[in-house]
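Trainee: Here is a sequence with its predicted model. Questions after.
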Amino acid sequence: MSLAEAIPQSLQSKIDSIIDNVAPTPWLSEEEKADYIEKIKHLLKEKNAVMIAHYYVDDELQALAEQTGGYVSDSLDMANFGAKHPADTLVVCGVRFMGETAKILSPEKTVIMPTLEAECSLDLGCPIDAFSEFCDQHPDRTVVVYANTSVEVKARADWIVTSSNAIQIIESLKADGKKIIWGPDRHLGQYIKNKTGADMLLWQGHCVVHDEFKLYELEQLMKKYPEAEVLVHPESPEAVIAKADFVGSTKQIIAAGKASKADTLIIATDYGLFYKMSQAVPGKRLIPAPTGGKSATCKSCAHCPWMAMNTLVNLHKTLVEMNNTIEVDEDVRQKALIPLNRMLNFSYEQGILTAGDA
């Protein structure tokens with residue numbers, strides 16, 4: 001067994017334990033929600049702060065970001081928006097690596113999060129010491145890491161990518177004759193390897209949400225809705241990806257849903273995306289791809305347990321106390337900024353990002 005296979009497996013019990021012990025989201029009445037929302041709106045103005053929310057956090061946080069001049073998007077756009085916005089404080093509603101990425105690009109700003117306990121299985125499954133040792137074993141390879149990693153892993157990389165731009169970047173590196181070390185998501189890595197034919201060594205991490213999408217149950221759902229189109233995030237297993245009409249990032253899935261002529265869409269990604277999908281295609285039926293059933297019983301059930309830790313309650317508390325601050329060592333930040341800027345510059349040059357993206 002290679003190091004790249006052994007390390008994530010050794011961490012799986014830890015990840016499972018974290019998932020099992022995530023505290024439930026506090027239940028709020030509609031009146032309590034409205035009260036928290038008004039107080040948060042006031043605090044955002046008072047603190048000169050802006051909300052940046054990921055597609056996977058709960059609906060009310062996405063809506064609140066939109067209502068207050070903030071932004072809802074994927075990890076690439078989130079970091080880019082924060083760097084361009086004039087606010088003194090960035091409130092990142094998502095998971096820890098997203099806050100770190102915002103701080104890499106905006107060191108002069110205060111970056112806070114509703115909770116610092118919101119982790120990511122891809123981040124947890126790619127510890128810097130083990131990953132760095134693996135990279136050192138293959139010094140002839142270019143190190144490409146997914147954005148869902150710690151700032152230390154980013155600093156070890158030559159390139160950072162997201163699911164929006166990974167294929168284009170790997171294609172470019174392949175054209176330059178580069179051999180790749182890829183980390184941490186094995187499914188996304190395999191998808192890119194299949195699409196590009198690049199020489200890639202894959203770290204064997206996975207997303208606890210996307211890893212649970214099941215082929216058998218998806219096939220049964222497709223039989224029930226034969227006219228539906230299947231939209232799949234590439235962090236999903238290879239067999240599920242093979243059934244897709246479209247494969248792409250969260251932002252790309254929304255665009256594909258808008259372009260689709262189908263009235264019914266089966267979507268294999270975190271169901272937090274359904275908030276923005278419903279806005280984009282209000283007349284269409286949206287069905288989550290199955291994560292449990294005959295094949296297995298789900299643990300995440302198509303919603304990241306760490307994303308769900310972002311709530312109105314802890315968002316309000318963080319803004320009152322101005323705690324849960326993201327701090328990044330300056331030497332590490334400078335090293336991580338190099339591959340991150342490579343990604344952003346490449347994305348602008350290729351039109352993946354435009355000057356109007358902010």
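Mentor: Ah, there it is.
Trainee: secondary structure class for T318?
Mentor: Assigned with DSSP: H, G, I helix; E, B strand; the rest coil, T318 falls in the helix class.
Trainee: Quick check, it in contact with T110.
Mentor: No: contact status for T318 versus T110: not in contact, 11.1 Å apart, counting by C-beta atoms under 8 Å. C-betas here are computed from N, CA, C, even on glycine.
Trainee: out of those two, which sits in the busier spot?
Mentor: Between T318 and T110, counting by other C-beta atoms under 10 Å, T318 is the more crowded of the two (22 against 17).
Trainee: any idea where the strands of the stretch 101-250 of the chain begin and end?
Mentor: 110-112, 142-146, 159-161, 180-183, 200-202, 229-232, 246-247 (DSSP state E, counting those that start in this stretch).
Trainee: how far does the shortest one sit from the chain's center?
Mentor: So that's strand 246-247. 17 Å (C-alpha atoms, centre = their mean, to the nearest Å).
Trainee: helices and strands around that strand, which ones?
Mentor: strand 229-232, helix 250-259 (3 or more C-beta pairs under 8 Å, 6 or more residues apart in numbering; DSSP states H and E).
Trainee: Restrict the last one to CA atoms and write it as PDB.
Mentor: By that I understand helix 250-259. The C-alpha coordinates for helix 250-259 follow below in PDB (Å, rounded to 0.1, in the frame of the first residue of the first chain):
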ATOM      1  CA  THR A 250     -21.100  24.000  -8.500                       C
ATOM      2  CA  LYS A 251     -21.100  27.200 -10.600                       C
ATOM      3  CA  GLN A 252     -21.000  25.200 -13.800                       C
ATOM      4  CA  ILE A 253     -23.800  22.900 -12.600                       C
ATOM      5  CA  ILE A 254     -26.000  26.000 -12.100                       C
ATOM      6  CA  ALA A 255     -25.200  27.200 -15.600                       C
ATOM      7  CA  ALA A 256     -25.900  23.700 -17.100                       C
ATOM      8  CA  GLY A 257     -29.200  23.600 -15.300                       C
ATOM      9  CA  LYS A 258     -30.200  27.000 -16.900                       C
ATOM     10  CA  ALA A 259     -29.100  25.800 -20.300                       C
END
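Trainee: List of residues touching that helix?
Mentor: 55-56, 73-74, 77, 163-164, 231, 233, 246, 248, 265, 267, 269, 273, 276-277, 280-281, 284 (C-beta atoms under 8 Å, 6 or more residues apart in numbering).
Trainee: 6 Å instead, please
Mentor: Y55, D74, L231, F246, L265, L273, K276, M277, A280, V281 (C-beta atoms under 6 Å, 6 or more residues apart in numbering).
Trainee: now do stretch 109-119
Mentor: By C-beta under 6 Å, 6+ apart, stretch 109-119 touches 89-92, 95-96, 99, 102-103, 306, 309-310, 314-315, 318, 324-326.
Trainee: Tell me which of those fall in strands.
Mentor: T89, L90, V91, V92 (DSSP state E).
Trainee: Dig out what L201 forms beta bridges with.
Mentor: I181 (DSSP bridges).
Trainee: Could you count how many residues lie near it?
Mentor: By other C-beta under 10 Å, neighbour count at L201 equals 19.
Trainee: chain center to the lengthiest helix in the chain: distance?
Mentor: Longest helix of the chain, by residue count under DSSP state H: helix 330-349. Here the centre of helix 330-349 is set off from its chain's centre by 18 Å, with C-alpha atoms, centre = their mean.
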